[in-house]
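>>> After the sequence you'll find the predicted model.
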Amino acid sequence: MVTSDEEIARRLEERDSARSARRKQAAAVVGELARRHTELAEQLADLERELGEVLTAAGDVIGVPELADVTDIPAADLTRWRDQATKPARGGKRKRPGAAKNNGIPSKDTPTATVPRAGQPAAPASSAPAAGSRAEAAVGAASS
C-alpha cells in the first residue's frame, strides 16, 4: 500500500522538528560559548595589561632575566607583557575619501624621467633593429 500524502507530510514534519531542535540547541551552545570566549578574552587582555604595567614599574629594581629566573616564567612572556604595556594602542590607517592619488610628488612607484649626467653624452638613437628582433619576430609568427 502507498503512503498517503498526509502521512508523508506528518513524517517529514516529525523529522524536521527533530532536526530543528538539534539546530536550535547547537546554535544556543555556540552562542553561549562565544559569549564566554569574549568575556574571557577581555579578562585576559586586562590581566596582560596589568602584568605589563607592573613589569614596567618594577623595571628599575628587577629586570626580566632575574624575574624569569625567580618565577620560572619564560622571559619571552615577561618581555611581551612588558612591551605590550609600553606600546600605544594602534589605530588603523584611514584614507581620506576623495584624496587625489598623485599629489604631484613622485613616489617610489611613479616613473620618473632620467636625466643624463653632465659630461656624459646620451647614447645615440639606433635606427637598426636589435640583433635578435628578426628571429624573435619569425618565432612569434611561426608559433601563432
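Perfect, I can see it now.

>>> Next, give phi and psi for T3.
phi -70, psi 140 (degrees, to the nearest 10).

>>> mind checking how far it is from A76?
67 Å (C-beta to C-beta, to the nearest Å). For every residue, glycine as well, the C-beta is placed using N, CA and C.

>>> likewise V2?
Using C-beta to C-beta, we find V2 at a distance of 72 Å from A76.

>>> what about T56, which helix or strand?
Counting by DSSP states H and E, the element that carries T56 is helix 5-57.

>>> I'd like to know which elements whichever helix or strand comes after that helix is packed against.
Once the chain leaves helix 5-57, the next helix or strand it forms, by DSSP H and E, is helix 64-71. Here helix 64-71 touches helix 75-86, going by 3 or more C-beta pairs under 8 Å, 6 or more residues apart in numbering; DSSP states H and E.

>>> residues of the helix it packs on that come out buried?
L78, W81, R82, Q84, A85 (16 or more other C-beta atoms under 10 Å).

>>> Lovely, talk soon.
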